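> one predicted model, sequence on top.
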Amino acid sequence: MAKRKRLTLPPLGGFAPGPASASEASPAPASTPALGPGLAPAPISRVTGEAAATAALREVAEELGAARSEGRLVLRLELDRIEEGWLVRDRIGLEAEELASLMTSLAAHGQRSPIEVTDMGAGRFGLISGWRRVTALRRLHAETGEERFATVLALLRRPDTAAAAYVAMVEENEIRAGLSYFERARIAAKAVEAGVFATDKLALQQLYGSASRAKRSKIGSFLGIYRALEGALRYPSALPERLGLALARRLEEEAAFAAEVAAALAAAAPDSAEAELALIADLLAPAAEAASEPARPSDPAPNAPAPAPAPDPAPAQPRSTRPQAPAAELRPGLFLKADGAGSLHLYGPAVDEAFRARLRDWLASEG
């Protein structure tokens, strides 16, 4: 029987005999599909991956653009690009103590709440709300030179109309900072003067739509003070509600009273809010006293019987006078005066309806 011969397969890549030992074996060449010379496999997976990545990037870019335009993306803008005069500001000024407190907070904790701006084009942004924060950051940058105070965090808004921009500014300040009645009336008057609203009534309804009708009526009363004494009052923001309403009534009743008040303020040149309020109270005092005096009886008709003698009047009680003691500022916009009769007087722009409610609750709980 013939002996069988074992066959050995040739190495890949040719029929040349392989090395004698495994240690001498060269690495096998990488296998490639037999597609013919010059041909390569279609990169389907690579094309698919690149298309998916491009679509994802496009979606992210579109979402970021939408978030930016819709005010959902916080921007960091240079202060030099902010136009603070784009709207007439509703705040007349910023007290030194209030500004110092805000600067201390920004320096210690940074800006926690972004301002609101609108895109004016050409890299400029009009300020809608956040005037106090911008003012404090400008002051910090000027004093320290630190770059962290050279920018401001902002949300981009796109108000449809100028009226919508004014409403946004007023609503933000109504929440964050208690404006005085004079400041509220002033911005309403300024908006009417700028043609944003046709009448005072429309301005009050649009700007203070969330306020009660009584509050809008009081703001409307302060409109008369603004138009009659805006240039004469040195501390109009300190004018409290009760004194302001009395002043508004007197200005409406007597056309010449505005000139009298302006002349008295110019002559006295009060150097503090307390002094100015005291002067206004003195000017209003004669009218208040006249209103409280009983009417004089008319002369009796001829031949009329003489009236019966009136009983002896009770001794007149001493009339309380306006407290003359110096006022203490308990906090920005809140003043306390005490007179010798045991009376305490709280007044100032911070004395609003919310403050009165909290004070009543506190007094009730203490009793």
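Everything's here; your move.
> report the separation between the closest residue to Glu84 other than its chain neighbours and Arg112.
Distances taken as CB to CB, 6 or more residues apart in numbering place Leu127 nearest to Glu84, at 4.9 Å, with adjacent residues excluded. Bear in mind the C-beta positions are built from the backbone N, C-alpha and C, glycine included. The gap separating Leu127 from Arg112 is 18 Å, by CB to CB, to the nearest Å.
> likewise for Thr144?
Look at Thr144 and Arg112: by CB to CB, they are 19 Å apart.
> settle it for me: which of the two has more neighbours?
Neighbour count, other CB atoms under 10 Å: between Thr144 and Arg112, Thr144 has more, with 12 against 9.
> pLDDT score for the residue nearest to Arg234 when sequence neighbours are not counted?
Computed as CB to CB, 6+ apart, the closest residue to Arg234 that is not its neighbour in sequence is Glu276, at 5.9 Å. Glu276 carries a pLDDT value of 94.
> quick one, phi/psi of Glu276?
Here is the backbone geometry of Glu276 (degrees, to the nearest 10): phi -70, psi -40.
> give the other helices and strands that whichever strand or helix holds Gly126 contacts.
Secondary structure from DSSP states H and E places Gly126 in strand 124-129. Here strand 124-129 touches strand 82-83, strand 115-121, strand 151-157, helix 162-176, going by 3 or more CB pairs under 8 Å, 6 or more residues apart in numbering; DSSP states H and E.
> apply 7 Å and report the result again.
Helices and strands touching strand 124-129, by 3 or more CB pairs under 7 Å, 6 or more residues apart in numbering; DSSP states H and E, are strand 82-83, strand 115-121, helix 162-176.
> which of these has the lowest mean pLDDT?
Minimum mean pLDDT among the helices and strands packed on strand 124-129: helix 162-176, a mean of 72.
> which other residues reach that one?
Residues from elsewhere that reach helix 162-176, judged by CB atoms under 7 Å, 6 or more residues apart in numbering: 87, 90-91, 116, 118, 128-129, 157, 159, 179, 187, 191, 196-197, 206-207.
> which among those residues gets closest to Thr151?
Thr151 lies nearest to Glu116 out of those, by CB to CB, at 15.7 Å.
> residue contacts, the closest one?
So, once contact is read as CB under 7 Å, 6+ apart, Glu116 ends up touching Ile128, Ser129, Gly130, Ala154, Leu155, Arg157, Ala168, Glu172.
> quick check, nearest of those to Lys218?
Nearest to Lys218 out of these is Glu172 (CB to CB; 21.0 Å).
> quick revisit: from Tyr166, how far out is the residue nearest to Arg234?
Applying CB to CB, the value for Glu276 to Tyr166 is 29 Å.
> distance of Leu153 relative to Val74?
5 Å.
> list residues touching both of the two?
Contact with both Leu153 and Val74 is made by residues Pro114, according to CB under 7 Å, 6+ apart.
> same drill for the two, tell me which one is more crowded.
Taking neighbours as other CB under 10 Å, Leu153 and Val74 compare with Leu153 leading, 17 against 13.
> give me the spatial nearest neighbour of that one, chain neighbours excluded.
Closest residue in space to Leu153, ignoring its immediate chain neighbours: Pro114 at 4.1 Å, by CB to CB, 6+ apart.
> any idea how many residues pack against Thr199?
Neighbours of Thr199 under the rule other CB under 10 Å: 9.
> how many neighbours does Tyr347 have?
Number of residues near Tyr347 (other CB under 10 Å) recorded here: 21.
> oops, could you answer that again for Glu253 instead?
Glu253: 9 neighbours (other CB under 10 Å).
> now the residue nearest to Ile128 when sequence neighbours are not counted: how far from Gly123?
Residue nearest to Ile128 in three dimensions, not counting chain neighbours: Glu116, with 4.2 Å by CB to CB, 6+ apart. Counting by CB to CB, the gap from Glu116 to Gly123 is 18 Å.
> so Glu62 sits in a helix?
Yes - assigned with DSSP: H, G, I helix; E, B strand; the rest coil, Glu62 falls within a helix.
> quick check: it vs Ile280, distance?
Counting by CB to CB - Glu62 and Ile280 are separated by 59 Å.
> between these two, which is the more surrounded one?
Remark: of Glu62 and Ile280, Ile280 carries more neighbours, 22 against 10, as counted by other CB under 10 Å.
> would you mark the buried spots in stretch 51-60?
Within stretch 51-60, no residue counts as buried by 16 or more other CB atoms under 10 Å.
> any idea of the mean pLDDT in that stretch?
73.
> list the contacts of that stretch.
Contacts of stretch 51-60 (CB under 7 Å, 6+ apart): none.
> so which of Glu276 and Tyr166 has more stuff around it?
When neighbours are counted by other CB under 10 Å, Glu276 and Tyr166 differ, and Tyr166 comes out ahead with 25 against 21.
> residue boundaries of the helices in the protein?
Assigned by DSSP state H, the chain shows helices spanning 44-69, 96-109, 131-144, 162-176, 181-193, 200-207, 213-229, 241-253, 257-268, 273-292, 353-366.
> ranking those helices by burial, who's on top?
Mean neighbour counts were taken over these using mean count of other CB atoms under 10 Å, and the top value, a mean of 23, falls to helix 181-193.
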